[in-house]
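Trainee: this one's structure only:
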């Protein structure tokens with residue numbers, strides 16, 4: 001029974017690691033797509049450039065934060081948990097600041113319309 005539970009734990013760790021890598025990859029893909037799209041909008045002098053860029057960065061950060069939350073499932077030591085907690089807090093603050101920027105950019109676009 002002990003070996004069965006040990007094997008289940010190993011499979012869980014592998015599964016969580018794969019899902020974490022996939023979430024990180026999705027975040028990177030969203031960020032790269034947003035950057036390329038924003039560059040094209042910059043060339044065309046689109047007025048919604050900053051808004052679209054901020055929304056893409058926020059979505060990318062949400063994927064990255066999701067991967068960090070998932071990574072807490074397999075944490076074994078308090079020091080690892082502290083580091084993950086600090087990363088989650090920093091990414092959360094960045095997301096909050098970006099959403100604040102999005103709100104102000106939307107208000108500025110409404111005033112210009």
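Mentor: Looks like it arrived, so ask away. All values derive from a computational prediction rather than experimental measurement.
Trainee: Only C-alpha atoms from now on, for both contacts and neighbour counts.
Mentor: Will do.
Trainee: Quick one: list the elements packing against the host helix or strand of residue 26.
Mentor: Assigned by DSSP states H and E, residue 26 belongs to helix 2-43. Helix 2-43 sits against helix 49-71, with contacts defined as 3 or more CA pairs under 8 Å, 6 or more residues apart in numbering; DSSP states H and E.
Trainee: Which residue, other than its chain neighbours, is closest to residue 75?
Mentor: Distance criterion CA to CA, 6 or more residues apart in numbering; nearest residue to residue 75, sequence neighbours excluded, is residue 81 at 6.3 Å.
Trainee: Please identify which helix or strand holds that neighbour.
Mentor: helix 78-112.
Trainee: Now do the buried residues in that helix.
Mentor: Residues of helix 78-112 classed as buried by neighbour count (16 or more other CA atoms under 10 Å): 81, 84, 87-88, 91-92, 95, 98-99, 101-102, 105.
Trainee: Can you tell me which of those residues is closest to residue 7?
Mentor: When these are ranked by distance to residue 7 (CA to CA), residue 81 comes first, at 23.4 Å.
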